Structure formats: structure tokens, C-alpha cells
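Enquirer: Show me the folded form of this:
(chains A and B)
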Amino acid sequence: MSNVFWYIFVMAGVTYLIRVLPLTLVRREIKNTYIRSFLYYVPYVTLAVMIFPAILHSTASVWSALAGFVTAIIFSYRGASLVKVALLACVSVFAVELFLY
Amino acid sequence: MNKQTTTNRRAWLNGAGDGIPIALGYFTVSFTFGIIAGQTGLNPFQAMMMSATNLTSAGQFAGLTLIAAAATFLEMALAQLIINSRYFLMSFALSQKISPDTPMIHRLIMAFGITDEIFGVSAAKPGRLNPFYTYGLMSVAIPGWTFGTLLGVISGDILPPRLVSALSVALYGMLLAVIIPPAKGNKVLSSLIIISMTASLLFAELPLLKSISSGVKIILLTFLIAGIAAYFFPVKENDHE
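Expert: The predicted structure is shown next:
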């Protein structure tokens, strides 16, 4: 399996190119309001699409995942830190699974 | 120590702190990745190297499948291009988040760390982004990803399933903590998040849309929803800062 390294090299190369091109080529501030607004909305849309419904299938049961989802929403709405929200979501999943199994 | 050094140091420390939940979530995912990498026939060094150089979950899982199938390098390159195309948009967004006179070396290093989580947390920082904040995130998250992989390959299934299940929600919880606070009291962002999640659900459930790969779905919906939102709700300059 010596060509595993070549596979890894190809994967890393392509992935780095995707990541590095915009950041190094776009070196001035874009004034166009439409593009600025589009880029401002990108993280919210991309992350929302990635979170849901994938989160529901991340744990051992849809119900525990739902508990984690709701917990995370409540505590991030209240302004809890990243660590706190992540850990509380984990704790609620753990607690619900104790009941389920 | 001059003023800039102190600012950078503080930014790095902030980033390292915010990197902890990312590392925690990465550890669980990469642990699973390590187990599968071992089953695919990669040795611990190869698996670890793949994680350290690629730093992407979906791309690496797909990579294993293609290695197992003895795919061609071209197939491998195309698969990575499609699955990871969202990083292109993220990198573009970051190019406007950092100061325009950021030196090339910082752009080259930051680019390596663009993952969904590191990007999300960096982008959510109010005002201009200091590259050292992102470096802080990277210096905690990347070891979590890499050593989780190593542990997965060498130890296999040692973590109790309950623990793995609970920790698996960590990354999602953290991402919610990234997008929800700015949406509080902001009707456009709140609606955008709900619309995006609903559209994503439809793509996951409807018969025809179901067959679209998740990489394509993410980039398609981002262009569509953020594109329409930018047209109808242009962001005023001071909203950004």
C-alpha cells in the first residue's frame, strides 16, 4: 500500500488549493454591496445546512439528538460560551440515553 | 513586548480557548475515522498523516472509500474537489474578514486551517479578524483531530458507546453556538437559519433531491439562499463591524 501516500498527497493538495486560492488571490476589500452581503450570509447558511438534519443522526438515537439540539439552541440563545453549549448538549444526550437504554 | 505582540498573543489565547470544544468534537469524529482507516488497511502513521494534512472529515471518509476501491488519482482529486468545494466560499468570506494588508504568509497559514468549525468560529468574531485568533483555534483543534485519528487506529473500539454517542453532538452544539447569538433579535438572520435548515431537511428527505451528495447540496443551497438574501437584504456597512 505504498501508493497510499500518493492518495494522501493528492487529497491534501486539492483540498489545500480550494482553501488557499480565494484567501491569497482576493487581497483587496470588495466594495460591491451584493458580494459583501452574500459573503456575510455564507457562514449562517452553510453551517445551518450542515447542522440540520445531520445532528439528528449524530447520536445513538434521534430522541437524544433532539434533546442535544434543543439544549444547544436554548443555551446559545442565552449567550453561553462555545465550550459550555457544546458540553451541555453532550450532557443532555447522555442523560436522555440513560433513560432510553 | 510591543503593543502588536501583546494583541496577537491575546488573540491567540482567545482562539486557543475557543478551540477546546472544536478539539473535543474533532476527537470523537477522528477517533471513528481512525477505526475505519485501520479497517481500510492504513497503518497508524498513514492515517495520522492523512488527518494532519487534510483536516476535513467528509473528504477523508470519502478518501478511504476510494482508496479501498483502488480509484484513480483523478477520481480522488475530483471527489475531493466536489466534497470540499464549500471551503472555497469560506476562504473567500475570510478574505474580506481579515485586513486587506494582511501579509501573504498569514494568508497561506490561515488557509490550511479552514474547516467548517474553525471558519465558523473565526467568521463569528465581531470586526476584523486577527490571524492569530485563527492560529489559536488551529493549534488546539488540529492536534485533537490528528491524535484522535491515531488513537482510533491503534486502539479500535475502546471508548464506551455511551460516551461516543454523547460526544458526537459536541460539534453540532458548538456550531449552533456560532450561528445563533448573532441571529438573536435579527429577523433576517433568524429566518435565514430556519429556511436553510428546512431546505436542508427537504434535500435529505425528498426522493429526487436525496440522491444529491452532501457536498453538492451544501454549496448549492449556500449559493441559492445566501444569494437571494443578499439581493433582498443587502447588509449595511456598519452591520458588518
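Enquirer: longest helix of the chain?
Expert: All of this refers to chain A. In chain A, assigned by DSSP state H, the helix with the most residues is helix A:4-25.
Enquirer: actually chain B
Expert: Longest helix of chain B, by residue count under DSSP H: helix B:3-40.
Enquirer: quick one: whatever helix or strand comes next after that helix to helix B:3-40, angle?
Expert: Sequence order places helix B:44-54 as the next helix or strand after helix B:3-40, per DSSP states H and E. Counting by axes from the mean of the first three to the mean of the last three C-alpha atoms, to 10 degrees, helix B:44-54 lies at 140 degrees to helix B:3-40.
Enquirer: Report the mean per-residue pLDDT for helix B:44-54.
Expert: For helix B:44-54, the mean pLDDT works out to 96.
Enquirer: quick one: it to chain centroid distance?
Expert: 17 Å (C-alpha atoms, centre = their mean, to the nearest Å).
Enquirer: From the rest of the structure, what touches it?
Expert: Applying C-beta atoms under 8 Å, 6 or more residues apart in numbering or on different chains, the contact partners of helix B:44-54 are A:1, A:4-5, A:8, A:11-12, A:15, B:30, B:33-34, B:37-38, B:42, B:60, B:63, B:142, B:145-150, B:152-154. Just so you know, the C-beta spots here come from the backbone N, C-alpha and C atoms, and that holds for glycine as well.
Enquirer: now with 6 Å?
Expert: Helix B:44-54 is contacted from outside by A:4, A:8, A:11-12, A:15, B:30, B:34, B:37, B:60, B:145-146, B:149-150, B:153-154, using C-beta atoms under 6 Å, 6 or more residues apart in numbering or on different chains.
Enquirer: and if you look at stretch B:24-36?
Expert: Stretch B:24-36 has contacts (C-beta under 6 Å, 6+ apart) with B:47, B:51, B:57, B:60, B:64, B:141, B:144-145, B:148-149, B:151-153, B:156, B:167-168, B:170-171.
Enquirer: same thing but 8 Å
Expert: A:86-87, B:47, B:51, B:57, B:60-61, B:64, B:117, B:141, B:144-154, B:156-157, B:159, B:164, B:167-168, B:170-171, B:174.
Enquirer: so is the residue of chain A found nearest chain B in a helix, a strand, or just coil?
Expert: Using C-beta to the nearest C-beta, A:Ala89 is the residue of chain A that sits closest to chain B, at 3.2 Å. Under the three-state scheme (DSSP: H, G, I helix; E, B strand; the rest coil), A:Ala89 adopts helix.
Enquirer: Contacts only, for the nearest residue to it once chain neighbours are set aside.
Expert: Nearest residue to A:Ala89 in three dimensions, chain neighbours excluded: B:Gly173, at 3.2 Å (C-beta to C-beta, 6 or more residues apart in numbering or on different chains). Going by C-beta under 8 Å, 6+ apart, B:Gly173 touches A:68, A:71-72, A:76, A:85-90, B:21.
Enquirer: if I look at the residue nearest to the spatial centre of chain A, how far off is A:Phe38?
Expert: The centroid of chain A falls nearest to A:Leu47 when counting by C-alpha atoms, centre = their mean (5.3 Å). Using C-beta to C-beta, to the nearest Å, one gets 15 Å for the distance from A:Leu47 to A:Phe38.
Enquirer: B:Ser51 now?
Expert: 32 Å.
Enquirer: Could you tell me how many residues sit around B:Phe45?
Expert: 12 (other C-beta atoms under 10 Å in any protein chain shown).
Enquirer: and the residue of chain B found nearest chain A, what helix or strand is that in?
Expert: Chain B approaches chain A most closely through B:Gly173 (3.2 Å), counting by C-beta to the nearest C-beta. Per DSSP H and E, B:Gly173 falls inside helix B:170-183.
Enquirer: Report the angle between that helix and helix B:3-40.
Expert: Going by the same axes, to 10 degrees, helix B:170-183 makes 140 degrees with helix B:3-40.
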